[in-house]
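>>> Need a 3D model of the sequence below.
(2 chains)
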Amino acid sequence: MDIGLGLAVAGAAITAFLGAVGSAWGIAIASEAAGGVLTEDPEKFGRVLVLLALPGTQGFYAFLGMFYVMLKINLLKGGMPLDLSTGIQLFFAALPVGVVGLFSAYYQGRASAAGILLLAKRPEEMGKAVILPAMVETYAVVGLLATILLVSGIKV
Amino acid sequence: MPTVAMQKVLICGSQENKEAIIKRLHELNIIELAEIQHQEETQKNEEWELAIAELSASILFLEKTAKIKKSFIDSFAPPKKNASKNTLIHAFKTSNWQDVIKKIKTIEGELANIRNLKSKLSADIVNLTPWQTLNISLDSIYNLQRSRVVFGDWTKKSRLAATQKLEEKKILFEIETVSALENKEYIAMVILKENEKEILEILNGNGFHLASLPYAKCRIKEELEKLRQALEEMAIDKKELGKEALSLSANIENLTFVYDYLLLKKQEKEAKEFANNTKRTYTISGWIKKKETEKLLKTLFEVSKEIDVIPVLPSENEIVPTAIENPPMFRPFELITKIFGVPGIKEVDPTQALSFFYILFFAICLSDAAYGIILAAASYYFLKKLTLSEGGKNLLLLLFWGGILSIAAGILTGSYFAINLDDLPKSGIKDALLYVKIIDPVKSPLTMLIASLVMGVIQNIWGLVVGMYWKIKQKEYLAGIFDFGLWIFFLLALVALLTANAIAPNFASLASYLSIAGAVMLVLTQGRNEPGLIKKAIGGILSLYRTTAFLGDTLSYSRLLALMMTTSIIGLVVNILAGLTATSIPIFGYVIMVVILVVGHLFNLVVSVLGAFVHSMRLQLVEFFGKFYEGSGRPFKPFGRETKYVLIE
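Have a look, this model is predicted:
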């Protein structure tokens, strides 16, 4: 019967969900490009794997955001009673990392795919191929920071 | 940290020693051959190109047959064997590599044939199987006088519809169901030849699929038997071929030697095209590190006396290649500089300036003592075990030092496999570990955020300091003082203002005066290159907007906090999950716990190292380099031995 706690859990769950979906999406996009490159040259597998794993971090950032909320409300030991206002605060504070994760993982997947194609033609340019998707990831990090700072600022 | 001074040289010699000289240059790996303007008609040695391609295909084929597994690490740094040049020559001259290639080609061809035939036979078998109960010889149905037999399949529904239509039209026919499968009926229909066209039209219109049975002098059952036998024979053939291929796989090493030998030959051949020839003499021009000019002349003299190396001036539009050299300690960090681009001729080599920050940020992002130990140990192991290229070695060295510093960072943040120190049983070790721990990023993210931003400010200003140093060294005093020095002053004043407001309000007014002074000086100087007073003023005022860029760059360092927390929280989750299984599942709980701990922490380690590596690099490339570095140089690529499988001793 604790709406506040329910809202906080809902926010955490939604954010984990969005981030994970985004990562799956992004990795799938990069994998499509990777599959094409690997048919030509299976030996590039290791390097390609690094690139297609890059959009996978959003899922973990979101998961981390979820976990941070869980720690905040002590959910591992059953959770604490929260009033409605705190619940709403936590709900919205949890969202940035998930929502940003969803979209940034998608676009990072596209950037990774571009990096993989770059690798196909110029295998020696691995460093540059990794840096391109990492530029997109910056904003997933911003989302994570937003969630962490917001959650840590809320008084429960 | 200037780049290495380069010298363009002209090598002159007589035609007789051309081959030997080029061979020696190839060995030396110190000169970059310069393109010549009027290239003679280049004739590609296609025979070699072909041999190289065939060798490569053969080696791949044999590796596949011999099931030589390549580890995950190998795909990053393919291992190379040590061998002398003589071994390669020996392999090329004495081994029967051409025969081996020929044999492999035949085997591959036959295997392809077998694959094709097999798929055809399998398809035939599938098509014929429904008809195997048809108890007549196949040739008998093709020689009928007045009637014809139509084979095919349909569903029960289309049978009803079709037969109804045929009966309506009073056409004679007889249906024999050969076999039935689920909803499908395979039938033979006997009809009169004169009705054939009409009947087929009706059948086609009602979902009947005509089947064509092969012409054979036997029953279908026997025909099927023949096909199956052929398949079996083919499987035996395939096995035989596989054995033959496997027996050839002993030649892999020799083939790789020959491959690399031909590769070297090809490189030498290509190098010859850089020569300007007369009937008796030739010249080759190229770039070399200035200090190695003497050495070049001396070693070439050993080859032949009829040779000279003359320093020349580059032509007007020629771009001087850049070589960077740093003390061994900093060499791994050249990797980062090279990823961005080597410095142009008038730029500073930023390698040493970024090294400290890079490794510090890496350690902060990873920040777990146990992970640091594992990373350092693993990197050390691979450094010792693998024969690596320059780049691979540098990468592992970076990871090694990153690991070492992460141990320190982990101790300061009290993180060992992300275990919460407070949960440990009371002991002297616990107290000691807690004593050296200065901050917990999970519990006090705000403090850590501020620490990250402070590091950002420091590196931003450091970038400006490096830029100023370089400009002044280049004797561009105005640019050094106005474009870098004033900004340093202004930013420091702003930082002082912020700090004063937060902790020492008494100094706030002083700091604000300093900031205003800095801003005024920037407005006065930044537009100095614009024509006219008004444009100068506008340029000066607009330059203040660069403050926002500095602000953005500084905020970007907040990622340090985020990555630090990612490592510790994911590690924490792994520990919690493992703890849950240990207590909630009887007997096997502890086994599962160990599996979760090992896999979970390994995963976290890999992901965190990747994140730490990439993000600390990005901070250098974007935020730090943005202050003073363009990376506009062309990398120096000396003419040397490039091999695929062998490392020549």
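
>>> got the residues of chain B near chain A?
B:70, B:72-76, B:78, B:335-336, B:338-339, B:442, B:445-446, B:449, B:556, B:558-559, B:561-563, B:565-566, B:569-570, B:572-573, B:576, B:607, B:610-611, B:614-615, B:617-618, B:621-622 (CB under 8 Å from any CB of the partner chain). Quick note: C-beta positions are derived from backbone N, CA and C, even for glycine.

>>> Which ones among those residues lie within helices?
B:72-76, B:335-336, B:338-339, B:445-446, B:449, B:559, B:561-563, B:565-566, B:569-570, B:572-573, B:576, B:607, B:610-611, B:614-615, B:617-618 (DSSP state H).

>>> Buried by neighbour count, from the residues you listed: which ones?
For those, a burial check counting by 16 or more other CB atoms under 10 Å in any protein chain shown picks out B:75-76, B:335-336, B:338-339, B:445, B:449, B:559, B:561-563, B:565-566, B:569-570, B:572-573, B:607, B:610-611, B:614-615, B:617-618.

>>> any low-confidence regions in chain A?
Low-confidence segments of chain A, defined by pLDDT under 70: A:1.

>>> Tell me which residue is most central in it.
With distances taken as CA atoms, centre = their mean, residue A:58 lies nearest the centre of chain A, 1.3 Å away.

>>> Spell out whether the helix or strand that that one is a member of and chain B are in contact.
Secondary structure assignment for residue A:58, by DSSP states H and E: helix A:57-72. Yes - on the criterion CB under 8 Å from any CB, helix A:57-72 is in touch with chain B at A:57, A:60, A:61, A:63, A:64, A:67, A:68, A:71.

>>> With respect to residue B:285, which of those residues is nearest?
Closest approach to residue B:285 among the residues of helix A:57-72 next to chain B (CB to CB): residue A:57, at 49.4 Å.

>>> picking that back up, surely the residue nearest to the centre of chain A is in contact with residue A:26?
Yes - taking contacts as CB atoms under 8 Å, residue A:58 lies within contact range of residue A:26: 7.0 Å.

>>> what's the overlap in contacts for these two?
Taking CB atoms under 8 Å, 6 or more residues apart in numbering or on different chains as the criterion, residue A:58 and residue A:26 both touch A:105, A:108.

>>> contacting residues for residue A:56?
Residue A:56 makes contacts with A:23, A:26, A:27, A:105, B:607, as judged by CB under 8 Å, 6+ apart.

>>> State the phi and psi torsions of residue B:438.
Note on residue B:438: backbone dihedrals following degrees, to the nearest 10 are phi -110, psi -20.

>>> how close does the closest residue to residue A:156 other than its chain neighbours sit to chain B?
Excluding its sequence neighbours, the residue lying closest to residue A:156 (CB to CB, 6 or more residues apart in numbering or on different chains) is residue A:86, at 5.7 Å. Note on residue A:86: its distance to chain B, by CB to the nearest CB, to the nearest Å, is 19 Å.

>>> Mind telling me what element residue A:86 is part of?
Per DSSP H and E, residue A:86 falls inside helix A:84-121.

>>> which residues sit in contact with residue A:17?
A:62, A:98.

>>> That one: helix or strand, and which one exactly?
Judged by DSSP H and E, residue A:17 forms part of helix A:3-40.

>>> mind listing what's buried in the following helix or strand past that helix?
Using DSSP H and E, the next helix or strand after helix A:3-40 towards the C-terminus is helix A:45-53. By 16+ other CB under 10 Å, the buried positions in helix A:45-53 come out as A:47, A:48, A:49, A:50, A:51, A:52, A:53.

>>> can you check stretch A:74-87 too?
A:75, A:79, A:82, A:86, A:87.

>>> contacting residues for the fourth one?
The one in question is residue A:86. Residues in contact with residue A:86 (CB under 8 Å, 6+ apart) are A:4, A:8, A:154, A:155, A:156.

>>> Filter these down to just the buried residues.
A:4, A:8, A:154, A:156.

>>> Next secondary structure after the lowest-mean-pLDDT helix or strand in chain B?
Among the helices and strands of chain B, helix B:72-76 carries the lowest confidence by mean pLDDT, DSSP states H and E, at a mean of 67. Going down the chain from helix B:72-76, the next helix or strand is strand B:81-83, by DSSP H and E.

>>> Direction included, what does that next one pair up with?
Here strand B:81-83 has these sheet partners by DSSP bridges: strand B:646-648 (parallel).

>>> how distant is the strand it pairs with from the center of its chain?
Chain-centre distance of strand B:646-648: 22 Å, with CA atoms, centre = their mean, to the nearest Å.

>>> Tell me which residues of that strand come out buried.
Buried, per 16+ other CB under 10 Å, within strand B:646-648: B:646, B:648.

>>> what's around residue B:99, how many residues?
Using other CB atoms under 10 Å in any protein chain shown, residue B:99 has 11 other residues around it.

>>> Now do it against residue B:106, distance only.
According to CB to CB, to the nearest Å, residue B:99 stands 11 Å off from residue B:106.

>>> same thing with residue B:288?
Counting by CB to CB - residue B:288 and residue B:106 are separated by 49 Å.

>>> okay, residue B:209: pLDDT?
Turning to residue B:209, the model gives it a pLDDT of 87.

>>> Compile the contacts of residue A:56 into a markdown table and extend it with columns for distance to residue B:21.
Output for the contacts of residue A:56, formatted as a markdown table (distance: CB to CB, whole Å):
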| residue | distance to residue B:21 |
| --- | --- |
| A:23 | 57 |
| A:26 | 54 |
| A:27 | 53 |
| A:105 | 56 |
| B:607 | 52 |
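
>>> picking up where we left off before, next up, the contacts around the residue nearest to the centre of chain A.
Contacts of residue A:58 (CB under 8 Å, 6+ apart): A:19, A:22, A:23, A:26, A:101, A:102, A:104, A:105, A:108, A:137, A:140.

>>> Make JSON lines from those residues and add distance to residue B:409 and neighbour count to it.
Below are these laid out as JSON lines (distance: CB to CB, whole Å; neighbours: other CB atoms under 10 Å in any protein chain shown):
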{"residue": "A:19", "distance to residue B:409": "26", "neighbour count": "31"}
{"residue": "A:22", "distance to residue B:409": "30", "neighbour count": "29"}
{"residue": "A:23", "distance to residue B:409": "27", "neighbour count": "29"}
{"residue": "A:26", "distance to residue B:409": "29", "neighbour count": "33"}
{"residue": "A:101", "distance to residue B:409": "26", "neighbour count": "35"}
{"residue": "A:102", "distance to residue B:409": "31", "neighbour count": "24"}
{"residue": "A:104", "distance to residue B:409": "27", "neighbour count": "29"}
{"residue": "A:105", "distance to residue B:409": "28", "neighbour count": "32"}
{"residue": "A:108", "distance to residue B:409": "27", "neighbour count": "33"}
{"residue": "A:137", "distance to residue B:409": "22", "neighbour count": "26"}
{"residue": "A:140", "distance to residue B:409": "23", "neighbour count": "32"}
